[in-house]
Every structure is written in structure tokens, then in C-alpha cells.
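Q: Whatever this is, show me its structure:
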Amino acid sequence: MQQPPPYVPAGGAPPPAAMVTKVELSVSCEGLRDADVFSKSDPICVLFSLDGNRKHEIGRTERIDDTLNPKFQKQIVIDYHFEEVQKLEFAVFDIDENTNNINQGDFLGKMECTLGQIVSASNFKKPLDYNGKAYGTISVQCQEQGGLQKSVNMTLRGVKLDKKDWFGKSDPFLEFHRQLIDGSYALAHRTEFIKNTLNPSWKPMDINTRRLCDNNPDTTVKVECFDWNSNGTHDLIGEFYTSLAELETSHAGKTWSLVHPKKKGKRGYKHSGEIVMERVEVKRKYSFLEYIQGGCELNFVVGIDFTGSNGDPRESSSLHYLGGNAPNQYTQAITAVGNVVQDYDSDQLYPAFGFGARLPPSWQVSHQFSLNGDPNNPDCHGIAGILAAYHQCIHSVQLYGPTNASPIVGSVAAMAREAFHQQQAKQYFVLLLITDGILTDMDQTIHMIIEASELPMSIIIIGVGDADFSDMERLDSDDKLLSLGPRVAKRDIVQFVPFREFKNVPPTKLAAAVLEELPDQLSGYYNHHNLAPLYEIPP
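A: Down below sits the predicted model:
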């Protein structure tokens, strides 16, 4: 069985698009400054996004008369992107009822934060800043928009499908499309294709109902069966229509006839084969935000390559050179990823390791050592602590080799295994591995990644420098699961990118590229293991 490559089929349906997560922010304040002489202030809260020196209004609450402790009813809706640091400013003003112009009102205070800080807290509360002094407090609560989500887990097979190939049987695969408001259809899911058969049995599929039908049980779902062709001109075998409501009430043996629209109505034509339901289960599916707000934390771990191929740190050509006008690539990678992940770890303590260096006083090569020099406690406080330990370490070790990453992967997997045995959606580990070349212990690292694929853990690998990283792409198994001999990973947990592709763009682009898959990896892991959030935030 193989996955069809990305393509735009004859019907014009694009590959599945990412569903935007929207969150609703509820705001309240206490102890506001009283700006009115004969009554109390009439506050309104305005939310801005911050981008450098630019401010853009996202939304505002209603104005409430005569109160210094407003609880605003109108929620502010904002798009949430985990992989970005979304900087926000909440500004509170006292305005008269005959104007909506905040420039004509009195400023009562502001609070700056990130959206990540808000979504990772059940109730985010901070002082309001009024001209450099704390004056009152503001509280922000967050709720994901869109209601409960479910997933449809089902197994389908085909029976006596039409033969579309001249010199063999068909290579069939299925596509599921949800109907949009304007009557058109959007691709929601595509199965693997199965070579040379008219009676295929597809792998079990798990489809989020938000993607399948926008959580509307009566939305029409079109299912198309294609014969796969290597040139991308896949031939339609037939189609049928269903809905989530029908799927939920289906049973083993439920059958749909595939009808080709161009053959429909022709004399003697019945159908082009049948699709049979082998098994179906519709169950509650929790989102990434529900797990984060339900008490799950991201445990961030860093591994840095200290092999000799990086170059002498005293030379400006070295990838570890610290004396330039701009931070080196290692520093930039740690900062870009760490700035996002730090909002989801309450203790701000991050284990940080190096590999491939000779350590004093024995000058033996180590493939895993603490950046802070403490072999018993590798934790660094905050992203600044990681960078300080890294900068100090550069001057105290000798770069050597080889480039062995498997010890650090195995060490973090051991941490994740402890969390696995707890059987709670409480701790998910994220390993950031930064290296300047191909791994010397590639097979051992693949073995460790396959072992780790059944644990609450994801791995981000950033390749720095100008080496040929083509072999590293093997670890990022987007097209098929990583394997070594007969062993196959349970899921894809690796994201690899070369830093050079992001040298001339803002660091936020690098963070977005390496972190975009993490929310689905986390929620997919816990949902697969039927682990609910530790607690649910009431609506």
C-alpha cells in the first residue's frame, strides 16, 4: 500500500487545507482608575496585535457604564497559531456613550502578553500598566471556538470495482469531500492507494469531524473512488454520498454503490462497484488546546552538536562563533523555537545537552553532556539560561566527533517513557536537535526514533551550515512511516528543516516551519491512547 503523492486531481479538489483554530477571549478588570469626576469610568477594552512598532486592532468589547470592575460580555475572537509568538496588547479606555473613538477617551491602562500565555492558563491575570505604574488588574479567559469535536474511525473495502487499466487491475484509493455553503466540495481526507486489485481493503482511517463536515451531522459528504496513475491523471471509478449522521448509525456490512456520473442513466448500467463498511466508531476527539488548557505541559529539551566539523569557535567561519554582529545559527534556532514553546511550560526549566565533544579534565569524547556542566541536573532556567550555558560551554570543551545523536534521543525517550506509564495527558516532550551534518549513527538514531514513536514525544531537527542534508530527510517521514528492517514507527514524530532555507527571513518563519505539526502530533497521540485532558474547562 502506498500514499498518493500530493496533486490536484481532475475534479479540481486541492489537498486538505489546514483548519484555522479560532479562540474566544473573555475579559474582565478589577480596580480600574476612575477617570470621571461625577461618576465612575465607562470602560471598554480594545485588543491589538503587536508586530514590532506596529499595532493592529483585532477587536473590542462593549462599553459598560459606571464601573471600575467591568465584566465584559462581548468576547473577542482571534485566530490561534501555536507555531507563532502572537504578541498582544489589551488596552482599557474610558469613553463617552456618544463616541466609539478611543482617541477621544481617557486611557486607563494596558497589558501586554502572548496568546500562548493566555491559552496555557485557565485564567490569565496581570496588572494593568498605567504610565509605568500598576493600576488595577485584567483577567483573560480563553475558549476554543467550534464546540466539541469527534473523529470517525472506520475501515472500508471495495468489492468488484471497475477495471480501469489496460494491462492490469485498478489501483484504487478514496477521497472524502465535505460540501461547502456554496455547494462546492473541499477535500477532507485521502486514503492510500492499493496496487492492482478490484477488491481493495484500505487501512483503518481516522477523520476529524470538523474537517469532514464542520461538525454538522447533516452536511453532505461526497466519497470518490479513483484509479491511481503515476502521471497524476487519476481516473474516477465512481462516487457515492453520505453524511456523518449516516456513518454514526452504520454497521458492519453497510454497502454503498459507486456510481460514475457520466455512466449514470445509461441502459444496463447499475454501478461501478461497491464500498463496504467493515467497522466504524465515532468517538470524542480532543483538540490540542483542550489538552493544553486541561493541564498538559510541553517539556522542552535541547541537544546541540559540538563536533569538529562546526569549525574552531574562535574563527569567524565557525558555526559556533559568538563574536559576530548577529547571533550564530545555533543561537537563532534555540531562540526561535524556544520563544514559542516556553509559553507552555510552567516551571521554565529546560534540560540542555551537547554531543560530540571532548570534556575536561579527562578529555574523553562524550555523546551526551549537560551544557551547564552539572551531570546530575541538566536543567537551564528559561531560554536565556540555555543560551548562557551554551555560550559558556563553547569555551570549556573541545569540539571533536563523531556526530552521534542516538544517546540524546534515547535519553529523552526514557523521560517520555516515565510519562507514558502514568497514562495521563500531563507531559509531552519536545526535543530540539541542532546539528551541522549527517548523523554518524543514523541506524541507531532511527531505531531510537521508532522506539520513541509510541511515546508522548516529538523531535525537531534543524540542520545548520551548508552540508548535504538529503539523508536527514529520511527521518521526516511525511510520505510514509519511518522504518528500519521489519520495524515501522507507530507515527511520524520528526520534523526536519535546513536552517539555510530561513537565513533571509524573520526567525518566526523558522519556528512556524518546525512547529506546525506539533499540535496534531500531541492531540493525535493522546486521542489514539484514549487519554482525555486532566480536566476540562467549562464553557
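
Q: measure Val494 to Val464 for me?
A: Val494 is 17 Å from Val464, where distance means CB to CB, to the nearest Å. (Each C-beta comes from the backbone N, C-alpha and C, glycine too.)

Q: Tell me which residues of stretch 515-532 come out buried.
A: Leu515, Glu517, Leu518, Pro519, Gln521, Leu522, Ser523, Gly524, Tyr525, Tyr526, Asn527, Leu531 (16 or more other CB atoms under 10 Å).

Q: which ones among those are found in helices?
A: Among the buried residues of stretch 515-532, the residues falling in helices (DSSP state H) are Leu515, Leu518, Pro519, Gln521, Leu522, Ser523, Gly524, Tyr525, Tyr526, Asn527.

Q: hang on, isn't the third one packed against Tyr286?
A: No: using CB atoms under 8 Å, Pro519 is not in contact with Tyr286; the gap is 11.5 Å.

Q: distance between the ends of stretch 84-104?
A: End-to-end distance for stretch 84-104: 33 Å, by CA to CA, to the nearest Å.

Q: ditto for stretch 69-86
A: 27 Å.

Q: What mean pLDDT does that stretch get?
A: For stretch 69-86, mean pLDDT rounds to 93.

Q: again with stretch 170-189
A: Mean predicted confidence for stretch 170-189 is 90.

Q: just to revisit the earlier point, could the ones in helices among the buried residues of stretch 515-532 go into CSV alongside distance to Glu315 and pLDDT?
A: Shown next, in CSV, are those (distance: CB to CB, whole Å; pLDDT from 0 to 100):
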residue, distance to Glu315, pLDDT
Leu515, 32, 94
Leu518, 35, 95
Pro519, 40, 94
Gln521, 38, 95
Leu522, 41, 97
Ser523, 45, 94
Gly524, 44, 91
Tyr525, 43, 96
Tyr526, 46, 96
Asn527, 49, 91
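
Q: would you list every one of the helices in the stretch 251-400 of the chain?
A: Secondary structure of the stretch 251-400 of the chain (DSSP state H, counting those that start in this stretch): helices at 288-293, 329-341, 382-394.

Q: Kindly report the same for the stretch 51-200 of the chain.
A: 115-119.

Q: Lys40: neighbour count?
A: By other CB atoms under 10 Å, the residues close to Lys40 number 17.

Q: does it really touch Asp66, like I thought?
A: Yes: using CB under 8 Å as the test, Lys40 is close enough to Asp66 to be in contact (4.5 Å).

Q: Met277 and Arg178: what is the separation?
A: Here Met277 is placed at a distance of 19 Å from Arg178 (CB to CB).

Q: ok, the two, which is more surrounded?
A: Arg178 (23 against 18).

Q: show me what contacts the more buried one?
A: Each residue near Arg178 by CB atoms under 8 Å, 6 or more residues apart in numbering is listed here: Tyr185, Ala186, Ala188, Arg211, Leu212, Cys213, Asp214, Thr219, Thr220, Val221.

Q: hmm, which two among these are most spread apart?
A: For those, with distances taken as CB to CB, the pair at the greatest spread is Arg211 and Thr220 (14.7 Å).

Q: neighbour count winner among the two?
A: Each of Arg211 and Thr220 has its neighbours counted (other CB under 10 Å); Arg211 has more, 20 against 15.

Q: tell me which element the more buried one falls in.
A: For Arg211, the enclosing helix or strand under DSSP states H and E is helix 209-213.

Q: From the contact counts, what lies against that helix?
A: strand 149-159, strand 172-179, strand 185-190, helix 244-248 (3 or more CB pairs under 8 Å, 6 or more residues apart in numbering; DSSP states H and E).

Q: tell me the most buried of those?
A: strand 172-179 (a mean of 23; mean count of other CB atoms under 10 Å).

Q: and the angle from that strand to strand 149-159?
A: Angle of strand 172-179 versus strand 149-159, following axes from the mean of the first three to the mean of the last three CA atoms, to 10 degrees, is 140 degrees.

Q: From the rest of the structure, what touches the helix ranked longest in the chain?
A: Secondary structure of the chain per DSSP H: the longest helix is helix 406-422. Contacts of helix 406-422 with the rest of the structure, by CB under 8 Å, 6+ apart, involve 299, 301, 303, 351, 353, 355, 367-368, 426-429, 431, 433, 439, 441, 444-445, 447-449, 451-452, 454-457, 459.

Q: what does stretch 239-258 give?
A: Stretch 239-258 is contacted by residues 152, 154, 158-159, 161-162, 209, 212-213, 216-225, 237-238, 259-261, 270-280, 282 when judged by CB under 8 Å, 6+ apart.

Q: Buried subset of those as a PyMOL selection?
A: To isolate the buried ones among the contacts of stretch 239-258 in PyMOL, judged by 16+ other CB under 10 Å, type:
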select buried, resi 152+154+158+161+162+209+212+213+219+221+222+223+224+225+237+238+259+260+271+272+273+274+275+276+277+280+282
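
Q: The contacts of stretch 239-258 in strands, which ones?
A: 152, 154, 158-159, 221-225, 237-238, 274-280, 282 (DSSP state E).

Q: one step back: which two of the buried residues of stretch 515-532 have the greatest separation?
A: Checking the buried residues of stretch 515-532 with CB to CB, the most distant pair is Leu515 and Leu531, at 21.9 Å.

Q: picking up where we left off before, now render the buried residues of stretch 515-532 as a markdown table, adding distance to Thr335.
A: Output for these, formatted as a markdown table (distance: CB to CB, whole Å):
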| residue | distance to Thr335 |
| --- | --- |
| Leu515 | 13 |
| Glu517 | 20 |
| Leu518 | 17 |
| Pro519 | 21 |
| Gln521 | 22 |
| Leu522 | 22 |
| Ser523 | 26 |
| Gly524 | 28 |
| Tyr525 | 27 |
| Tyr526 | 29 |
| Asn527 | 32 |
| Leu531 | 32 |
